[in-house]
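S.K.: this one's sequence-less:
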């Protein structure tokens, strides 16, 4: 390849290299499936460092121009007709110009039930680097308001990522939020009114239950099975109550760890169409995906599914960045409410996340996180089985296991846990009406801690008579 790098230019060499490689691909001089030179070879040919080539390749992978194959190198990816140019912003056509958490409050307690990964697993150096880069950038990224739909550069990156997992949407269908909880609140305010009925999974997300109560919404419970919602119960509730919405956590369900199967997904969409129900699909653990998965939004041909996700679980709880995908007319209403209630989202935060997505550092950190979680999941499942625990469903991704120790109720298990400095959450917290339950949510990221190990070993003993 004949590439020309201008070492006198203020444009970083890595960006120049990425832009020229992208131009070759756009002009079809590099065809889909073509293997690019190795990092070492290209660095030698162009007289640049290997880290420069790595950054360029990572940018092109993040933008969807290349795909990285483990052990094989980098290859030109199949391109879509509407593929945006690298770093080209998306215009905001409609708006252009115009719980409770189970916190560890006591020193030394291991929060085995929490909903986040350990701080030591986070990409802290990459986050710090992105913060520094944004801080040295345009002053408006530090002080200005964010556009109503969200920062264009972030929405551009989200648009690419959605396409890479089979979610084909238009740019104007994406709205950024301050995490998934903010997205849920906007949806409840726009779609529902006090007294409306909504289908929720049981067990499920406790913060959703609290939010719906705050707005006076009646919850109809649909039992969660190992393959998704209990369809016979769901259909009976649809026939009897004609609810407005169905809320579902399709993948790596919180708290059971189960995922929707294709058969259940297709039938669920058939029922939604038959009974005219809006489906809200929470894919908050989207980036824990490892292998083929079934998302309702990918199967939806009628724009009946509203999709929401977040980067806070994988990136940082302090970088509150989530997003919604919905029909343009609904996005307009949601964006108006977003501006009325909070004057938008944080431009600085969104710029930091956009920078990590564009540079490829987010992709690499999530890849490491998925591998680490998979290893801990396998170990945790083996240990629970060895200690006589029952698992609701064997997850193939994510960080939660829904399990119980036969013969012991929560009070008995909690005493054993306290003796080992382990914090548990009662299973009742994951049911809309707080039903008593001997099931526990276990976060596998913490299950290898010696305190968790000691707790599991204590449960092997026969329960006291």
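M.R.: It's in. As the structure is a computational prediction, the values presented were derived from the model and not from experiment.

S.K.: now the helix of greatest length in the chain, how far from the centre of its chain.
M.R.: Ordering each helix of the chain by length in residues (DSSP state H) puts helix 361-386 first. Here helix 361-386 shows a centroid-to-chain-centroid distance of 16 Å under the convention C-alpha atoms, centre = their mean, to the nearest Å.

S.K.: next: stretch 47-62.
M.R.: 26 Å.

S.K.: where does the prediction get shaky in the stretch 1-150 of the chain?
M.R.: When residues are selected by pLDDT under 70, those of the stretch 1-150 of the chain lie in 1, 79-107.

S.K.: where do the helices sit along the stretch 151-300 of the chain?
M.R.: Under the criterion DSSP state H, counting those that start in this stretch, helices of the stretch 151-300 of the chain are mapped to 152-164, 179-191, 206-214, 231-241, 262-274, 296-299.

S.K.: ok and the lengthiest strand in the chain relative to helix 231-241, angle-wise?
M.R.: With DSSP state E setting the assignment, residue counts place strand 218-225 as the longest strand in the chain. On the basis of axes from the mean of the first three to the mean of the last three C-alpha atoms, to 10 degrees, strand 218-225 is oriented at 170 degrees to helix 231-241.

S.K.: just checking: what are the partner strands of strand 218-225?
M.R.: The strands beside strand 218-225 in its sheet (DSSP bridges) come out as strand 197-202 (parallel), strand 228-229 (antiparallel).

S.K.: just those strands: most buried one?
M.R.: Neighbour counts averaged per stretch over the strands paired with strand 218-225 are highest for strand 228-229, at a mean of 26; criterion: mean count of other C-beta atoms under 10 Å. All C-beta atoms are positioned from the backbone trio N, CA, C, and that covers glycine.

S.K.: which helix or which strand is home to the residue nearest to residue 50 when sequence neighbours are not counted?
M.R.: On the basis of C-beta to C-beta, 6 or more residues apart in numbering, the spatially nearest residue to residue 50 that is not a chain neighbour turns out to be residue 43, at 4.6 Å. Secondary structure assignment for residue 43, by DSSP states H and E: helix 39-46.

S.K.: just how off-centre is that helix within its chain?
M.R.: Between the centre of helix 39-46 and the centre of its host chain there is 35 Å, according to C-alpha atoms, centre = their mean.

S.K.: and the residue nearest to residue 50, what does it touch?
M.R.: 49-50, 52-53 (C-beta atoms under 8 Å, 6 or more residues apart in numbering).

S.K.: top of the residues you listed by neighbour count?
M.R.: The member of these surrounded by the most neighbours (other C-beta atoms under 10 Å) is residue 53, with 27 neighbours in all.

S.K.: and it, how far is that from residue 437?
M.R.: Spatial separation of residue 53 from residue 437 under the definition C-beta to C-beta, to the nearest Å is 53 Å.

S.K.: ok, now residue 282?
M.R.: Computed with C-beta to C-beta, the distance linking residue 282 and residue 437 is 21 Å.

S.K.: neighbour count winner among those two?
M.R.: Neighbour totals were compared for residue 282 and residue 437, and residue 282 leads with 25 against 17 (other C-beta under 10 Å).

S.K.: tell me the contacts of the more buried one?
M.R.: Taking C-beta under 8 Å, 6+ apart, one finds 180, 184, 205, 247-250, 308-309 in contact with residue 282.

S.K.: repeat that with 10 Å
M.R.: By C-beta atoms under 10 Å, 6 or more residues apart in numbering, the contact set of residue 282 is 180, 183-184, 201, 204-205, 208, 247-251, 253-254, 306-310.

S.K.: so of those, which ones are in strands?
M.R.: Among the contacts of residue 282, the members falling in strands (DSSP E) are 201, 247-248, 306-310.

S.K.: any quick ChimeraX command for the buried ones out of those?
M.R.: One line in ChimeraX is enough to select the buried ones among these; burial here means 16 or more other C-beta atoms under 10 Å:
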select :201,247,248,306,307,308,309,310
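
S.K.: of the ones in strands among the contacts of residue 282, closest to residue 328?
M.R.: Taking C-beta to C-beta as the measure, residue 328 sits nearest to residue 306 out of the ones in strands among the contacts of residue 282, at 12.4 Å.

S.K.: wait, isn't that closest one in contact with residue 323?
M.R.: No. Assessed by C-beta atoms under 10 Å, residue 306 is found out of contact with residue 323, at 11.4 Å.

S.K.: now the common contact residues for these two.
M.R.: Looking at what touches both residue 306 and residue 323 (by C-beta under 10 Å, 6+ apart), the common residues are residue 183.

S.K.: flag the shaky bits of the stretch 351-465 of the chain, pLDDT-wise.
M.R.: 463-465.

S.K.: spell out the residue ranges of the strands in it.
M.R.: 390-391, 400-404, 422-423, 440-443 (DSSP state E, counting those that start in this stretch).

S.K.: include distance to residue 376 when you put these into JSON lines, please.
M.R.: Formatted as JSON lines, the strands of the stretch 351-465 of the chain follow (distance: least, C-beta to C-beta, whole Å):
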{"stretch": "strand 390-391", "distance to residue 376": "15"}
{"stretch": "strand 400-404", "distance to residue 376": "10"}
{"stretch": "strand 422-423", "distance to residue 376": "16"}
{"stretch": "strand 440-443", "distance to residue 376": "9"}
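
S.K.: can you tell me the closest non-neighbouring residue to residue 360?
M.R.: residue 58 (2.6 Å).

S.K.: for the one you found, give me its contacts.
M.R.: The contact partners of residue 58, by C-beta under 10 Å, 6+ apart, come to 14, 18, 66, 68, 74, 358-364.

S.K.: relative to helix 152-164, how tilted is the longest helix of the chain?
M.R.: Calculated by the same axes, to 10 degrees, helix 361-386 forms an angle of 50 degrees with helix 152-164.

S.K.: list the buried residues in helix 361-386.
M.R.: 361-366, 369-370, 372-374, 376-377, 380-381, 383-384.

S.K.: backbone phi and psi for residue 113, please?
M.R.: Recorded main-chain torsions at residue 113 are phi -110, psi 0, according to degrees, to the nearest 10.

S.K.: swap that for residue 16, sorry
M.R.: Main-chain torsions, residue 16, degrees, to the nearest 10: phi -60, psi -50.

S.K.: which residues touch it?
M.R.: Remark: with contacts taken as C-beta under 10 Å, 6+ apart, residue 16 is in contact with 3-7, 9, 46, 48, 52, 56.

S.K.: any idea how far it lies from residue 5?
M.R.: Here the distance between residue 16 and residue 5 works out to 5 Å (C-beta to C-beta).

S.K.: so what sits against both of the two?
M.R.: Common contacts of residue 16 and residue 5, defined by C-beta under 10 Å, 6+ apart, comprise 46, 48, 52.

S.K.: which one is the second one nearest to, not counting chain neighbours?
M.R.: If I follow you right, that is residue 48. If the residues on either side of it in the chain are set aside, residue 48 comes closest to residue 13, at 5.5 Å by C-beta to C-beta, 6+ apart.

S.K.: would you confirm that the one you found contacts residue 42?
M.R.: No. Counting by C-beta under 10 Å, residue 13 stays clear of residue 42, with 11.9 Å between them.
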